[in-house]
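**Q** using only what follows, build the 3D model:
(4 chains)
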4 protein chains.
Amino acid sequence: MKIRLGENSYGKNAVQLSKIIRHPAYHEFRQITVNVSLKGDFEEAHTNGDNSKILPTDTQKNTVYALAKDHFKTSIEDFALYLANHFLSTQEQVTTATVEILEHPFQRMLLDGNEHPHAYISGGSEKRTTIVTKDAVNVSITSGIADLLILKTTDSAFEKYIKDRYTTLKETNDRILATKCIARWTFDKLPADYTAQYNSIRDVLLRTFAGHKSFSVQQTLFAMGQAVLETHAGVREIYLEMPNKHHIPFNLEQFNIQHENEIFIATDEPYGLIAATITRE
Amino acid sequence: MKIRLGENSYGKNAVQLSKIIRHPAYHEFRQITVNVSLKGDFEEAHTNGDNSKILPTDTQKNTVYALAKDHFKTSIEDFALYLANHFLSTQEQVTTATVEILEHPFQRMLLDGNEHPHAYISGGSEKRTTIVTKDAVNVSITSGIADLLILKTTDSAFEKYIKDRYTTLKETNDRILATKCIARWTFDKLPADYTAQYNSIRDVLLRTFAGHKSFSVQQTLFAMGQAVLETHAGVREIYLEMPNKHHIPFNLEQFNIQHENEIFIATDEPYGLIAATITRE
Amino acid sequence: MKIRLGENSYGKNAVQLSKIIRHPAYHEFRQITVNVSLKGDFEEAHTNGDNSKILPTDTQKNTVYALAKDHFKTSIEDFALYLANHFLSTQEQVTTATVEILEHPFQRMLLDGNEHPHAYISGGSEKRTTIVTKDAVNVSITSGIADLLILKTTDSAFEKYIKDRYTTLKETNDRILATKCIARWTFDKLPADYTAQYNSIRDVLLRTFAGHKSFSVQQTLFAMGQAVLETHAGVREIYLEMPNKHHIPFNLEQFNIQHENEIFIATDEPYGLIAATITRE
Amino acid sequence: MKIRLGENSYGKNAVQLSKIIRHPAYHEFRQITVNVSLKGDFEEAHTNGDNSKILPTDTQKNTVYALAKDHFKTSIEDFALYLANHFLSTQEQVTTATVEILEHPFQRMLLDGNEHPHAYISGGSEKRTTIVTKDAVNVSITSGIADLLILKTTDSAFEKYIKDRYTTLKETNDRILATKCIARWTFDKLPADYTAQYNSIRDVLLRTFAGHKSFSVQQTLFAMGQAVLETHAGVREIYLEMPNKHHIPFNLEQFNIQHENEIFIATDEPYGLIAATITRE
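**A** Model prediction:
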């Protein structure tokens, strides 16, 4: 039984790039992390050490910086698509190019109600993301959000679940619901403006999370995805991943202190992980 | 030469606590990390394994949760002081109690221009901090900020420094200045409202950073500290620590692309670290 | 166009469990991290907030601890299989149960050449891993290693690759090759003893990495996978992921110091990422 | 009341350096992280933006790499001392130079009982550390260990401590004791060979931890420090910091399963932190 190379890829990860886009009246600051991954005719590289079809990952990195000057001007989706195209069209041994970009949030400082023209403050843990995969025939574009840390202090219950020998969790009709949400969506119709659509989808996610009378993370997750699809006709489907960042009521009653649902142990581990894709028929 | 116990302390670190303060019209959500450290008559515990003067760190943790219900209502400084007092006054073997609290930032969600009554979004990497140390005679209160990630795209130069055999850095009169700032200040006169003062000091730090024509991190750091002391008579001194999060110009000219100070390599390591205390005569 | 629930799953992640297996002459200490993920008939939970088919993730966690007493005695593969079976056979709404276990390395302390009966030291970053997925018909068992940090100071070249406009990397016939390797393998024939096979595969991976005259990471990766398949008839295929932890020669010549391939900048980012599956025809 | 500059320093942190020391029969691989910090006459830099006495942190970094070629040959203490001397003697405005080095552990691969001449495997989380501070008159050298993860499954009790209203911890005469130990020691008499002494002190720390019948972390910590001082006449004092990495018995009895001290919840937070200096009269 012969041994052979199966699926394989290579590329450069964690290319950290920042850019100043110099407008007349102000500077726009952008910071991104780029991952490039290539598939193609690399069998000889693996089996014989023949590097003649290998574009070094160092060169991939240089290419990202060099092309950023003229081609990273608007959305990360547009830049990722440009990069994927570049690697696919200039390297004939490449059959599929995947470019993933994560954008770090910076906001112009607000001083006396005015946005400062060139001073910025970090905008939190939340990142905007995209994954573009392109081959000779198809292109797939995914947009998304990562590390969106959101929380509500009420309108969240968890009751009427299965009880068995190992159940110790108490039912609650009023708990904290907190998550560090990941969302990724794909398109039936590409938007004219990825950034406008990102902001619009983000707003629907926040709004639905905040307003939902939750019986479970699953139900809130579905409601969030459903609301995005209902309000964005061009979105094909949305994947949501919502780790449950548990805030566990601290047992004050053991000290004869009245429990009024005020004091919680904030935990990172272990955590419930709920994930689903909401799609169209 | 006899061997003996020198300086020593023990306590509980990383007590993660969240609280809902239930106002009639809205919920206030707070999340803090508490460290407790005690010094005192613990020699027998070390030398003989006699635990009769040891308040277990587990009990310290329980105490933090139990006292949070009635006594964590306003600033982290007030709660830290209450906790330090509690350990000092109830444990006669304790000579010094130190309580350190770090507050995680959450902001009420803004939907259609209104703050949502109970839905929150994480407010970024920035944390508010305090360290309270109390013994029978003295109390020391320090307030501060940690992980304040700020950046400006211009008005920062670095020139006319020492050149020697190992110099490769090029002088620049226009660079990105970025830092993840730590600030800690102490008081000549305790403020009536720690939170108001925190917001005011934070505003001066941002404003000074944004407006300063910087010749070096050192100069900007000093200007920031000086501005805080000038505007806050009750502040005794301020310590500032500003790691230089370098954004290094990417060498586009090697590819015959014009360098226009737009494209940078964003780095975390190695980093310059500048630290100083600004004080009064 | 109707909106509907697509693929979905939920479970508990990061269940941290340690166990003492008490042998007459010594204690065996084991520490694992367990992730459980369930798929099944959860549509009503998402669409109607009906939790009647939801086994809470808290109960899943309790179950892992409770079953560890009698059923975590040998390999992580055996325990993961037992857990997957348990969830599948006791919860009829569950159609697929996936259990992932990562084992943290601890080694008995070696004092005067003897293994201490109950004192341990951490065995490094390397972890042993398994993923077991089971449904009514099939079971899939994957074994692996994560975070295996290995390095060689010579016998690694990288030459004769593509040069283009953006190439700056210099060819080298003698570089440091370092990686934090991930390996995962599946079986044609399940081993009688997963632990023995793990140790044997790990040994082949190290041995091949150390002895290989490398023309590229790709070639070394393939050689490592090929060696595992050649020496382990029961292994179906092996996936290897080898981030290139670059050690970049520091340019001493700019200071008129002779370069003798001795001094390097050790970097974490950006990093090349090479991944491939080696399989049988 | 005039505002002035107080204590201040600056330098380069996280300089990641690796070195191959090429012996005829084998290669020695070393990887270190270096922090440099300088104090001196830097007032004008802060108050006027005058950089004429500033040696850039970039140059400090270059200096570390350049001097490593000829001067990082033996212990990290010797290299740190050389670097501190270099900055102090070549920069007359510098009054104090501090150099901190952390060495990452790598072990030669053991294949068929033989150490491989140039292939290495990571030696775990443990790091060797040193801090050297030098001014015109004095030099202070500290050696140490960081992140030494050690654990024992028995011979550890915690009983007869204070009980109060908030006590919930149960006494135990048989618990897991685990810590990620930090040790730092100073000298009455500098050793001829820092590495030999490091290995010897590390051995005493492990041996004492393993053999001690512990009534508390405090007592074990003191015993470890005392043993180092008793066996190493040249050591002046030793600081030990032992976070208590709690392994909490999982309550099996709630499921009618017999508790036999076997199954534990391994936790990282919150953690007890015990720290003390053991010294000579």
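**Q** which other helices and strands contact the longest helix belonging to chain A?
**A** If you go by DSSP state H, chain A has its longest helix at helix A:194-211. On a contact count with 3 or more Cβ pairs under 8 Å, 6 or more residues apart in numbering or on different chains; DSSP states H and E, helix A:194-211 meets helix A:76-90, strand A:139-152, strand A:177-187, helix A:217-231, strand B:106-111, strand B:114-122. C-beta: built from backbone N, CA, C; applies to glycine.
**Q** any chance you could list what contacts the shortest one?
**A** The reference is to strand B:106-111. Identification of contacts with strand B:106-111 by Cβ atoms under 8 Å, 6 or more residues apart in numbering or on different chains yields A:150-151, A:203, A:206-207, A:210, B:26, B:29-31, B:115-117, B:119-123.
**Q** change it to 6 Å
**A** With Cβ atoms under 6 Å, 6 or more residues apart in numbering or on different chains as the test, strand B:106-111 has contacts from A:Leu206, A:Arg207, A:Ala210, B:Phe29, B:Glu115, B:His116, B:Ala119, B:Tyr120, B:Ile121, B:Gly123.
**Q** show me which of these are buried.
**A** Buried subset of the contacts of strand B:106-111 (neighbour count, 16 or more other Cβ atoms under 10 Å in any protein chain shown): A:Leu206, A:Arg207, A:Ala210, B:Phe29, B:His116, B:Ala119, B:Tyr120, B:Ile121, B:Gly123.
**Q** quick one on the thing from earlier: nearest to chain D, of the contacts of strand B:106-111?
**A** B:Phe29 (20.1 Å; Cβ to the nearest Cβ).
**Q** roughly how far does the closest one sit from B:Tyr198?
**A** Separation of B:Phe29 from B:Tyr198 (Cβ to Cβ, to the nearest Å): 18 Å.
**Q** try A:Leu177
**A** Separation of A:Leu177 from B:Tyr198 (Cβ to Cβ): 29 Å.
**Q** okay, these two: which has more neighbours?
**A** Legend: neighbour count by other Cβ atoms under 10 Å in any protein chain shown for A:Leu177 and B:Tyr198, higher for A:Leu177 (25 against 22).
**Q** contacting residues around A:Leu240?
**A** Taking Cβ under 6 Å, 6+ apart as the criterion, A:Leu240 is in contact with A:Ala183, A:Leu221, A:Gly225.
**Q** tell me the bridge partners for the residue lying closest to the first one once chain neighbours are set aside.
**A** So the one you mean is A:Ala183. Spatial nearest neighbour of A:Ala183, excluding adjacent residues (Cβ to Cβ, 6 or more residues apart in numbering or on different chains): A:Ile145 at 4.8 Å. Bridge pairing for A:Ile145 (DSSP bridges) gives the partners A:Arg128, A:Ala183.
**Q** ignoring the adjacent residues along the chain, who's closest to A:Ala275?
**A** A:Glu241 is the one closest to A:Ala275 (Cβ to Cβ, 6+ apart), at 4.4 Å.
**Q** same question, A:Leu148
**A** Residue nearest to A:Leu148 in three dimensions, not counting chain neighbours: A:Cys181, with 4.3 Å by Cβ to Cβ, 6+ apart.
**Q** pretty sure that neighbour is touching A:Asn244, no?
**A** No: with contact defined as Cβ atoms under 6 Å, A:Cys181 does not reach A:Asn244; the gap is 10.9 Å.
**Q** model confidence for A:Met1, exactly?
**A** pLDDT, A:Met1: 68.
**Q** now swap in the one 3 residues further on and tell me
**A** A:Arg4 is assigned a predicted lDDT (pLDDT) of 98.
**Q** remind me which residues of the stretch 1-150 of chain A are low pLDDT?
**A** A:1 (pLDDT under 70).
**Q** just the closest residue of it to chain C, please.
**A** A:Gly49 (2.9 Å).
**Q** sorry, back to before: mind putting the contacts of strand B:106-111 into a markdown table with distance to D:Thr98?
**A** Output for these, formatted as a markdown table (distance: Cβ to Cβ, whole Å):
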| residue | distance to D:Thr98 |
| --- | --- |
| A:Leu206 | 47 |
| A:Arg207 | 53 |
| A:Ala210 | 50 |
| B:Phe29 | 42 |
| B:Glu115 | 48 |
| B:His116 | 49 |
| B:Ala119 | 48 |
| B:Tyr120 | 42 |
| B:Ile121 | 41 |
| B:Gly123 | 35 |
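**Q** how about the closest residue to A:Asn62 other than its chain neighbours, what does it touch?
**A** The shortest distance from A:Asn62 to any non-neighbouring residue, by Cβ to Cβ, 6+ apart, is to C:Tyr166 (4.2 Å). By Cβ under 6 Å, 6+ apart, the residues touching C:Tyr166 are A:Thr59, A:Asn62, A:Thr63, A:Ala66.
**Q** could you redo the last one with a cut-off of 7 Å?
**A** A:Thr59, A:Asn62, A:Thr63, A:Ala66, B:Phe255 (Cβ atoms under 7 Å, 6 or more residues apart in numbering or on different chains).
**Q** before we move on, what about A:Thr231?
**A** By Cβ under 7 Å, 6+ apart, the contact set of A:Thr231 is A:Val204.
**Q** swap in the one 4 residues further on?
**A** Under the criterion of Cβ under 7 Å, 6+ apart, the contact partners of A:Val235 comprise A:Trp185, A:Phe187, A:Val228, A:Leu229.
**Q** residue numbers of the stretch 151-281 of chain A in contact with chain B?
**A** Contacts of the stretch 151-281 of chain A with chain B, taken as Cβ under 7 Å from any Cβ of the partner chain, map to A:151-155, A:206-207, A:209-210, A:247, A:250, A:252, A:255, A:257, A:261-267.
**Q** ok, 6 Å please
**A** Residues of the stretch 151-281 of chain A lying near chain B by Cβ under 6 Å from any Cβ of the partner chain: A:151-154, A:206-207, A:210, A:247, A:250, A:255, A:262-264, A:266.
**Q** can you pick the most crowded of those?
**A** A:Thr153 (27 neighbours).
**Q** how close does that residue sit to A:Ile263?
**A** 13 Å.
**Q** circling back: from C:Thr167, how far out is the residue of the stretch 1-150 of chain A closest to chain C?
**A** Distance of A:Gly49 to C:Thr167, given as Cβ to Cβ: 19 Å.
**Q** looking at these two, which one has more neighbours?
**A** Shown here are A:Gly49 and C:Thr167; by other Cβ under 10 Å, A:Gly49 has more neighbours (21 against 16).
**Q** got the contact list for the more buried one?
**A** Contacts for A:Gly49 (Cβ under 6 Å, 6+ apart) come out as C:Phe215, C:Ser216, C:Gln219.
**Q** so A:Glu260 belongs to a strand, correct?
**A** No: using DSSP: H, G, I helix; E, B strand; the rest coil, the assignment for A:Glu260 is coil, not a strand.
**Q** quick one, phi/psi of it?
**A** Backbone dihedrals for A:Glu260, given as degrees, to the nearest 10, come out at phi -130, psi 30.
**Q** still on that earlier bit, so the residue nearest to A:Ala275 sits against A:Thr277, correct?
**A** No: using Cβ under 6 Å, A:Glu241 is not in contact with A:Thr277, being 10.0 Å away.
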